[in-house]
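Chemist: sequence and predicted structure, then a few things I'm wondering about:
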Amino acid sequence: MIRLVSEETLRRLLSISSEKKLAFLALLYQRMVPELRSFCVAEDRDYSAFQRFQEQLWHQIANRGSSTSWRELRDRMLDATPDSEDFGTPAASSALSAALLAVAITEFIDDREDSHVLDAIGYALESVDAKAIGELEAPVVDLAVDSYVSSHPLVERERRAEESDVIFLTELPEAPWPSSMLSMLHARAVNQSTLLGSE
């Protein structure tokens, strides 16, 4: 079975505060959302719910509260989520994973359950898995696929990114964070490589 993070990294992630877990999810979403945005533009699909979500997510992290209902926003995002069966392309699959990550984050905000954090890591894996498998020119047996995907540069890069995020967040003081620290966190998010893009 392919894993994106080690048991030790996962243990550290699940042991940090819910505010830090939310920051981890925001960093992950920032890496994945470009695929969703590009897909919506290419297919002329409504992206506004995801734009609204991203804005409100950073308000939540800054402890400024949210002027929107997470349940209502979640419903809007689900309505706008692409069905990969309707499109059948790797781009649609990546867009779907990013959209489902956004939904999982709203669920985490509601109940703070670690299962949503695990789901989020799974969505990232699904995206890089689909990209890596799409590069294969011929069908191969499952074990060979797992070995290929596990050592793929995108998987390695995302593994390093998640482990680095966990270390970074572990070392942060507990929230609420001052504006200088929030700026540093936001800069980390926007300056990182996208999940499937080149470095």
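Modeler: Perfect, thanks for sending it.

Chemist: all contacts plus neighbour counts: C-alpha atoms, from now on.
Modeler: Fine.

Chemist: C-terminal to the one helix or strand Val149 maps to, what's the next element?
Modeler: Element membership for Val149 (DSSP states H and E) is helix 142-150. Scanning forward in sequence from helix 142-150 by DSSP H and E, the next helix or strand is helix 153-171.

Chemist: now that following helix: buried residues?
Modeler: Under the neighbour-count criterion of 16 or more other C-alpha atoms under 10 Å, helix 153-171 has 154-155, 157-159, 161-163, 165-166, 169-170 buried.

Chemist: now distance to Leu27 too, for the residues you listed, in TSV please.
Modeler: Shown next, in TSV, are the buried residues of helix 153-171 (distance: C-alpha to C-alpha, whole Å):
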residue	distance to Leu27
Leu154	16
Val155	16
Arg157	14
Glu158	11
Arg159	13
Ala161	9
Glu162	9
Glu163	12
Asp165	8
Val166	10
Leu169	11
Thr170	14
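
Chemist: next, count neighbours for the closest residue to Ala102 other than its chain neighbours.
Modeler: Leaving aside its sequence neighbours, Ala102 sits nearest to Tyr29 (C-alpha to C-alpha, 6 or more residues apart in numbering; 7.1 Å). Residue neighbour count, defined by other C-alpha atoms under 10 Å, stands at 24 for Tyr29.

Chemist: you'd agree Tyr29 is up against Leu101?
Modeler: Yes. In this structure, Tyr29 is within contact of Leu101 by C-alpha atoms under 8 Å, at 6.9 Å.

Chemist: make sure Leu125 is actually in contact with Val5.
Modeler: No. Applying C-alpha under 8 Å as the test, Leu125 and Val5 come out as separate, 10.2 Å apart.

Chemist: the two: which is more packed in?
Modeler: It is Leu125, of Leu125 and Val5, that has more neighbours when counted by other C-alpha under 10 Å, with 23 against 19.

Chemist: nearest residue to that one other than its sequence neighbours?
Modeler: Of all residues not flanking Leu125 in the chain, Leu4 sits nearest, at 6.7 Å (C-alpha to C-alpha, 6+ apart).

Chemist: let's verify the one you found: helix, strand, or coil?
Modeler: Secondary structure, DSSP: H, G, I helix; E, B strand; the rest coil: Leu4 is coil.

Chemist: check which residues of the strand or helix carrying Ala23 are buried.
Modeler: Assigned by DSSP H and E, Ala23 falls within helix 18-42. Residues of helix 18-42 classed as buried: 18-40 (neighbour count, 16+ other C-alpha under 10 Å).

Chemist: packing partners of it?
Modeler: helix 48-61, helix 90-111, helix 114-134, helix 153-171, helix 179-191 (3 or more C-alpha pairs under 8 Å, 6 or more residues apart in numbering; DSSP states H and E).

Chemist: how far off helix 114-134 does that helix point, in degrees?
Modeler: 40 degrees (axes from the mean of the first three to the mean of the last three C-alpha atoms, to 10 degrees).
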